[in-house]
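S.K.: What shape does this take:
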Amino acid sequence: TQPQHGPWQTRMRKISNHGSLRVAKVAYPLGLCVGVFIYVAYIKWHRATATQAFFSITRAAPGARWGQQAHSPLGTAADGHEVFYGIMFDAGSTGTRVHVFQFTRPPRETPTLTHETFKALKPGLSAYADDVEKVKEVFKASPFLVGDDCVSIMNGTDEGVSAWITINFLTGSLKTPGGSSVGMLDLGGGSTQIA
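M.R.: You can find the predicted model right below:
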């Protein structure tokens, strides 16, 4: 027999579809904002560390000849290999994942991955879909200074434009006027975006 779909079942289906749409409208823009915020905080920290490293390189120990160093500068291993890190945040609707990669590079050679640290946190951004006010509480409890109007929900069109600009900036496609551009497919846990 065919299942009967009355007005009650149709209404419940519409409500459940609306709830998943609300999750997407909150999760992706919030994830983007959190990622940008963390990236900016990292850049500020890294710039201070790089400045400190520069001054440690340029200062020589008393009695050292020009060009000699009494210690290895920040970012250099004892064997002379350059050490640097890459951090990737994946703030999605089902959870937030953080990867910290450590690389070493001998002089004039290709970097190699020497260590990876992974941390996953649950629930994801979808946990805040039904109560958007909880997001404000999370920011107020964080050690970062976040104003009331600093975080907002980005609509899908703006998200697509931002993704297109980002991928074409990172690939260098925006440097040449009239040059070719690239597209992007973002396959997430709960959705897919094409830019």
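S.K.: What sits closest to Phe103 if chain neighbours are left out?
M.R.: Spatial nearest neighbour of Phe103, excluding adjacent residues (Cβ to Cβ, 6 or more residues apart in numbering): Pro111 at 4.3 Å. To be clear about C-beta, it is placed using only N, CA and C from the backbone, and glycine gets the same treatment.
S.K.: hang on, that neighbour packs against Phe101?
M.R.: No. In this structure, Pro111 is not within contact of Phe101 by Cβ atoms under 8 Å, at 9.8 Å.
S.K.: give the contact list for Thr104.
M.R.: With contacts defined as Cβ atoms under 8 Å, 6 or more residues apart in numbering, the neighbours of Thr104 are 77, 81-83, 111-112, 114.
S.K.: Closest one to Gly172 out of these, please.
M.R.: Distance from Gly172 was checked for each of the contacts of Thr104 by Cβ to Cβ. The minimum falls on Pro111, at 19.8 Å.
S.K.: Just the pLDDT for the closest one.
M.R.: Confidence at Pro111, expressed as pLDDT, is 81.
S.K.: again, but for Lys119
M.R.: As summarised for this prediction, Lys119 has a pLDDT of 91.
S.K.: Which helix or which strand is home to it?
M.R.: Under the criterion of DSSP states H and E, Lys119 resides in strand 112-121.
S.K.: what element comes up after that strand heading to the C-terminus?
M.R.: In the C-terminal direction, the helix or strand that comes right after strand 112-121 (DSSP H and E) is helix 133-141.
S.K.: ok, and what's touching the next helix or strand after that following helix?
M.R.: Moving toward the C-terminus from helix 133-141, the next helix or strand (DSSP H and E) is helix 156-170. By Cβ under 8 Å, 6+ apart, the surrounding residues in contact with helix 156-170 are 25, 28-29, 32, 154, 174, 181-184, 186, 193-195.
S.K.: which among these gets closest to Lys136?
M.R.: Ranked by distance to Lys136 (Cβ to Cβ), the contacts of helix 156-170 are led by Pro29 at 14.7 Å.
S.K.: Can you pull out the low-pLDDT segments for the protein?
M.R.: Applying pLDDT under 70 to the chain flags residues 1-26, 42-75, 78, 153, 188-191.
S.K.: Mind splitting this structure into its structural domains?
M.R.: Per automatic domain parsing, the domain ranges recorded for the chain read 7-61+72-149, 155-195.
S.K.: wait, is Ala27 part of a helix?
M.R.: Yes. Applying DSSP: H, G, I helix; E, B strand; the rest coil, one finds Ala27 inside a helix.
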